[in-house]
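In: give me a 3D structure for the following:
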Amino acid sequence: MQKTTQCVHTGTRKDKSTGGLNSPIYPSSSFEYLDAAENIYPRYYNTPNQRAVVEKLCALEAAEDGILFSSGMAAISSVMIAFLSSGDHAVIQRDIYGGTHHFITADFDRFRIGYSFVGNRPEDIVAAVRPNTKLIYIESPSNPLLLITDIAAVAKIGRDRNIVTAIDNTFASPVNQNPVDQISRRPQ
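Out: Residues are numbered from 1 along each chain as shown. So this is what the prediction gives:
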């Protein structure tokens with residue numbers, strides 16, 4: 001399917017009770033689950049609306065699976081805390097969203113997580129890697145200066161050193177840039 005078709009049709013849930021052709025909005029946080037295969041509850045990221053959005057985004061991003069968060073900062077902080085522990089180090093692109101920068105500078109010290117802010121060139125990232133580096137975090141295009149980072153080169157740095165690489169791709173969206181496709185390409 002083309003991106004425009006994926007935007008409209010991937011993840012669509014047809015409402016069997018009314019025959020609606022588009023995904024209805026399920027505003028309730030209580031679902032009957034006594035005889036269900038799984039408990040459907042918004043905190044488990046498995047309500048019909050959440051699944052529809054995740055399927056749509058995964059189709060657009062060429063991703064295997066995903067989790068829907070209430071905000072970008074919820075997603076970013078969850079990724080960082082999931083992959084970093086006390087004593088670990090992160091290499092963070094210097095030109096990033098202000099909320100992300102604030103989260104790192106306000107909270108990493110109290111979690112005893114080290115970090116280095118660096119430029120967006122691959123050589124800047126390599127120079128900042130330490131033996132305890134567990135995460136490389138970039139934005140491309142960056143916020144606010146719209147710097148473009150060589151995603152494939154940064155992903156290779158992480159892959160070669162067994163370091164998780166994460167990217168915030170907010171500004172480009174899957175219509176203009178697809179990081180999952182980039183990480184499978186060789187750097188130029």
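
In: please count neighbours and contacts with C-alpha atoms only from this point.
Out: Will do.

In: surely I104 is in a helix?
Out: Yes: I104: assigned to a helix according to DSSP: H, G, I helix; E, B strand; the rest coil.

In: tell me, how many residues neighbour it?
Out: When counting by other Cα atoms under 10 Å, one arrives at 18 neighbours for I104.

In: per-residue pLDDT of it, please?
Out: Predicted confidence (pLDDT) for I104: 98.

In: distance of it relative to S78?
Out: 12 Å (Cα to Cα, to the nearest Å).

In: which residues in the protein form strands?
Out: Assigned by DSSP state E, the strands in the chain fall at 89-93, 114-118, 133-139, 164-168.

In: ok, which of these comes nearest A74?
Out: Evaluated with Cα to Cα, the strands of the chain place strand 164-168 nearest to A74, the distance being 12.2 Å.

In: tilt between the closest one and strand 89-93?
Out: On the basis of axes from the mean of the first three to the mean of the last three Cα atoms, to 10 degrees, strand 164-168 is oriented at 30 degrees to strand 89-93.

In: what residues sit buried inside strand 164-168?
Out: Neighbour-count burial for strand 164-168 flags 164-168 (criterion: 16 or more other Cα atoms under 10 Å).

In: now, which of the residues you listed sits nearest I138?
Out: Nearest member of the buried residues of strand 164-168 to I138, counting by Cα to Cα, is I167, at 4.9 Å.

In: which residues touch the residue nearest to the closest one when sequence neighbours are not counted?
Out: In this structure, I167 finds its nearest non-sequential neighbour in I138, 4.9 Å apart by Cα to Cα, 6 or more residues apart in numbering. By Cα atoms under 8 Å, 6 or more residues apart in numbering, I138 lies in contact with 92-93, 96, 120, 149, 165-168.

In: neighbours of the residue lying closest to F171 once chain neighbours are set aside, how many?
Out: For F171, ignoring the flanking residues on the chain, the nearest one in space by Cα to Cα, 6+ apart is P141 at 6.1 Å. Look at P141: counted by other Cα under 10 Å, it has 21 neighbours.
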